[in-house]
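Asks: Quick one: sequence plus predicted model below, questions after.
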Amino acid sequence: MKMAWSPESAMEAYIDTVKSCGNFQEPTGAELISAMAAGWNAQLIVETWCHGGATATSTGLSVATLHTGGRHVCVVPDEKTSLEYTKGIEQSGHRAEVIVGQPETAMAAIEGVDFMVVDCCLKDFMKVLKAAKLSNRGAVLICKNANTATARDFRWRSVLGWKFPIVRTVLLPVGKGLNIAYIGAVCENN
């Protein structure tokens with residue numbers, strides 16, 4: 001089985017995210033990310049979040065799970081960041097499951113990820129992507145803040161190797177840059 005696109009779910013999530021994020025001043029791409037997660041019917045959405053970051057993307061991912069019935073998990077490095085994140089997302093009327101720990105270690109414990117958003121401001125964001133246990137039905141991986149100095153030389157193949165079929169990648173000038181990869185389904189031989 002592979003991921004299938006639903007334009008109706010994408011549109012509904014986009015509109016609901018616009019409504020939920022009405023208080024945010026600057027466009028961050030939260031609406032696009034939410035529409036993508038809902039449109040691909042993501043069942044396990046995982047994101048990393050850094051201290052002091054905006055919660056618009058998190059709100060959008062939470063909205064997407066309302067349309068897909070999936071899980072939204074946020075990985076944060078420490079309790080202080082967890083409290084800040086929880087307070088921010090609850091102010092928008094949404095919530096997410098929060099895992100506290102080093103992101104690359106936490107990712108190794110989460111299996112079947114089919115939608116993932118990693119902040120390139122995170123020091124070891126490439127290690128987080130490498131540690132992800134992706135779903136066999138395919139995945140969408142997004143690096144936000146992709147216009148930062150550390151992310152400029154980033155290449156998906158250097159992170160994923162040849163283990164996963166990279167169907168398409170795109171770098172969009174949305175917010176501070178979104179680097180998106182669509183990973184195809186993987187057939188396992190038994």
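Replies: Sure thing, it's come through.

Asks: and the most centrally placed residue in the chain, backbone torsions?
Replies: Residue closest to the average C-alpha location in the chain (CA atoms, centre = their mean): Val117, at 2.2 Å. Main-chain torsions, Val117, degrees, to the nearest 10: phi -120, psi 120.

Asks: can you count the residues close to Leu83?
Replies: 13 (other CB atoms under 10 Å). From N, CA and C alone the C-beta is placed, and that goes for glycine too.

Asks: Could you confirm it falls within a helix?
Replies: Yes: the assignment for Leu83 is a helix, going by DSSP: H, G, I helix; E, B strand; the rest coil.

Asks: residue contacts, it?
Replies: For Leu83, the contact set (CB atoms under 8 Å, 6 or more residues apart in numbering) is empty.

Asks: if we can go back for a sec, who's the residue nearest to the centre of the chain bridged to?
Replies: Following DSSP bridges, Val117 is listed with bridge partners Glu47, Ile142.

Asks: With Gly69 as the reference, measure out to it.
Replies: Val117 sits 19 Å away from Gly69, going by CB to CB, to the nearest Å.

Asks: do Thr55 as well
Replies: Applying CB to CB, the value for Thr55 to Gly69 is 22 Å.

Asks: And for Ile142?
Replies: 21 Å.

Asks: And the two? Which one has more around it.
Replies: Between Ile142 and Gly69, counting by other CB under 10 Å, Ile142 is the more crowded of the two (22 against 8).

Asks: residue contacts, that one?
Replies: Contact partners of Ile142, counting by CB under 8 Å, 6+ apart, are 33, 36, 116-118, 178-181.

Asks: For it, give me the pLDDT.
Replies: With respect to pLDDT, Ile142 scores 96.

Asks: Gly70 contacts Leu44, doesn't it?
Replies: Yes: look at Gly70 against Leu44 with CB atoms under 8 Å: they come within range, at 6.1 Å.

Asks: Show me where this protein has its strands.
Replies: 44-48, 71-76, 97-100, 111-113, 115-119, 133-134, 139-144, 166-172, 178-183 (DSSP state E).
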